[in-house]
Each structure stands twice: as C-alpha cells, then as structure tokens.
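Trainee: take a look and give me a structure for this.
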Amino acid sequence: MQKKSFKMLGGIVVLLILGLIQWATSTVLGAHPLQSDACTEVYTVQADDWLSKIADKFLGDALAYPIIFEATNQQHTVNDTFALIENADLIEVGWQLCIPSSEQAELLLAETSAAPVALEPADLTVFAAASLTESFTEIGQNFETTHPGVHVTFNFAGSQQLAQQLGQGAPADVFASANNTQMGVAIEAGRVISGAQQTFVRNRLTVIYPVDNPAGLSQLGDLANPDLHLILAAAEVPVGRYSLEFLDKAAQAPDFGPTFKDQVLNNVVSYEPNVKVVLTKIALGEGDAGIVYSSDVTPDVADQVGQIEIPDALNTIAAYPIAVVSDSRFPTQAEAFTEYILSPEAQEVLARYGFISTVGNIAATP
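Mentor: You can find the predicted model right below:
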C-alpha cells in the first residue's frame, strides 16, 4: 500500500515537471495566444493539396493561406504533431495543418500585416506577358522600394514564347501569363505546380487604327472592307487567339453575317509574335487596323491611334494567371512578389494601365 502511494506521488511529480517544461518552452518561444486555443479544424494534407486551395476551402479566400501557414507554425512550437512549414509551396501529404477560426484569422492577419516582412536579398526573374510591360515595370520598382535588396528583372514576351522557354528549362522565379492555356503549358512542363496559379487581373480587346485613319474606319464591320491592311497577333499568342474568338462570335451575329470572319482574315497582311508589335506597327502607320488589349493603349501611344470598341457580347475577357515557378531559386521572395501583385497597391497600378482589377472596388482608369 505504501509502495502504491509512492508510485502515485511520483507520477504526479512527473506530470508537474512536464507541465513546467511545456510552460517554460512556450514562454521562451514567445507563444502566441492562438496556441492556447484548439484549432477550429485540424486538416491532414491530401494529394495535390496546396495552401491556397486549403485556405479557399476553409476560410473562403485563397489569398488567406499565410494565415494557415502562421497558425500551423505557431501550433508546432508546442505540439510537433503539427507541421513546420518553411515554404508555402512545399507541403507534403500527411502533414497536419491548423485551420483557425475566422476570428483568429482576422487577428493573425492584423498582426502579420502590421509590420512588413523583411526579405533576404535576391535577384528575381519574372517572366511576364508583353501586355504587362508598362504596368509590371512600375510595380517592380515599387516592390523593390518596399523590399530593399530584392532586385526584379523582367522577361517580357508573348506568353507562348515564355511558356516555351520555361519548358526548355530557362531559369525563372515567377510566371505571369496572358491566358490559362500557356500557364497550362508551363504546368505540363513541370515548371509550375498545378493549382498554384491565381488570376490576378483581366483584360479586354479593342480595335485600333492609325490616328490619321487612312482606311476611314468607323465601325467593326469595316474590318471586312476590301484592300484593308489588317495586322493581328499570331494564333498561338493569347491576344491572337482571342481575336479569332471575336471573329467567330461576329460571324454568328446577324449584324455581320457568316462570311465576315473569312473576309476579315483575307485582309491580314501579317501575324505578329506579340501584342506590342501589333500596337507599334499600327501606331507607325504600317497597317490600317489591328486588334490589341485595351490596356495596350497607354498614355504614351493614346495620341497615335484611334479605337473602335468591341461590345461585351463579342469580346473576350482575358484572365491573366500568375504563379511561382516550382524550382525558383528564391521561393520566399517570389511568393512575396506574387502576393504583392494581388495587393490593392499593385491592383491600382494595373487598373491605371487599363486592366480590369481582381479587386472589386478598383476600377480601370478611363
């Protein structure tokens, strides 16, 4: 009986010591109040999961994945059954993640946004569609100012050229495409993780002509006029594909007729490798008309071209996806750049250049 009492007493002492150790550990590590609360849900990573997908599933916002990242790492400091996430793009099947409540998520978001995260120096290479040249150049400068030591180098070209370069192993950290098709090419090549891409902006088509309007264009139907010199982007270029979709829709509309597409295509004098070449040639008067994105008619060229709007029923609203390249040399900095592209500050820049922002209350500048 006495031995049994000693055993019970010894067990209580051991529990007290373990409790003190856990308390001391959490104090030293600076435990967050979240750790004292149970997670709203503990999620075990399944095949093909990524944090933005999980965040969208539980918090209703794909951009809220840093909250799950932070909550899980905080839980890990006191309970190592939770994963320790070092890279948001590299989570493994079987890891346990902490899904906070919406209230906890708001607290974490407020705390993490209060002080900007200092990034290690890096030389980021961003592959971006040619139509993003002006806007991304300005955004890149702003990002460098916010994150001293991080330098951004852009490779602007047609999305099909960029996807091809990625498929051939060209080093890059971020890919911003003008359509999902070319992002899909990068995914198939293993350079982007499927599902990691996010739509960050949208765009629409417009018809342009030289400011002196030598062909006397006044309406979309005039694109079928004989002897018109039309310049389009090649079909493999996103804007070229969208242009063909516009012609397909017009050919089915009673105002244009079934022969409209063929008549317009008979007027094509050249197919260009990217949208900027189309814009430049029309501005220089090397063609009578062309089809570009509305965002391409920037203040620098607005006085050199006229426009004919394409109505929504015939237009294509192009979605632009962005993603971190899977073998990026600087994944943390690359992720920070993609997050910045989705921020209100960057979205305002994109809207100023004529893009359709993904943030509902930011409108394109007329």
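
Trainee: where's N73, which helix or strand?
Mentor: Element membership for N73 (DSSP states H and E) is helix 65-76.

Trainee: domains for the protein, by residue range?
Mentor: 37-115, 122-202+318-357, 205-309 (automatic domain parsing).

Trainee: distance between the ends of the longest one?
Mentor: One end of domain 122-202+318-357 to the other measures 28 Å (C-alpha to C-alpha, to the nearest Å).

Trainee: run the chain-centre distance for stretch 348-356.
Mentor: Relative to its parent chain, stretch 348-356 has a centroid offset of 14 Å by C-alpha atoms, centre = their mean, to the nearest Å.

Trainee: let me see the ranges of the strands in the chain.
Mentor: 41-44, 96-99, 122-129, 150-157, 174-176, 198-203, 205-210, 230-233, 268-272, 289-293, 305-309, 318-324, 356-357 (DSSP state E).

Trainee: for the first one, packing partners?
Mentor: The contact analysis (3 or more C-beta pairs under 8 Å, 6 or more residues apart in numbering; DSSP states H and E) places strand 41-44 against helix 51-59, strand 96-99. All C-beta spots, glycine's among them, are computed from the backbone N, C-alpha and C.

Trainee: same thing but at 10 Å, please
Mentor: helix 51-59, helix 65-76, strand 96-99 (3 or more C-beta pairs under 10 Å, 6 or more residues apart in numbering; DSSP states H and E).

Trainee: nearest to I317, out of the ones you listed?
Mentor: The closest of the helices and strands packed on strand 41-44 to I317 is helix 51-59. By C-beta to C-beta, the value is 21.4 Å.

Trainee: got the angle between the closest one and helix 65-76?
Mentor: Taking axes from the mean of the first three to the mean of the last three C-alpha atoms, to 10 degrees, helix 51-59 and helix 65-76 form an angle of 80 degrees between their directions.

Trainee: give me the contacts around helix 51-59.
Mentor: For helix 51-59, contacts defined as C-beta atoms under 10 Å, 6 or more residues apart in numbering pick out 40-41, 43, 45-46, 49-50, 61-69, 72, 85, 87-91, 97, 99-102, 105, 109, 195-198.

Trainee: for the buried ones among these, write the corresponding ChimeraX selection.
Mentor: Typed into ChimeraX, the line below selects the buried ones among the contacts of helix 51-59, using 16 or more other C-beta atoms under 10 Å:
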select :40,43,45,49,50,62,64,65,66,67,68,69,72,85,88,89,91,97,99,100,101,105,109,196,197,198
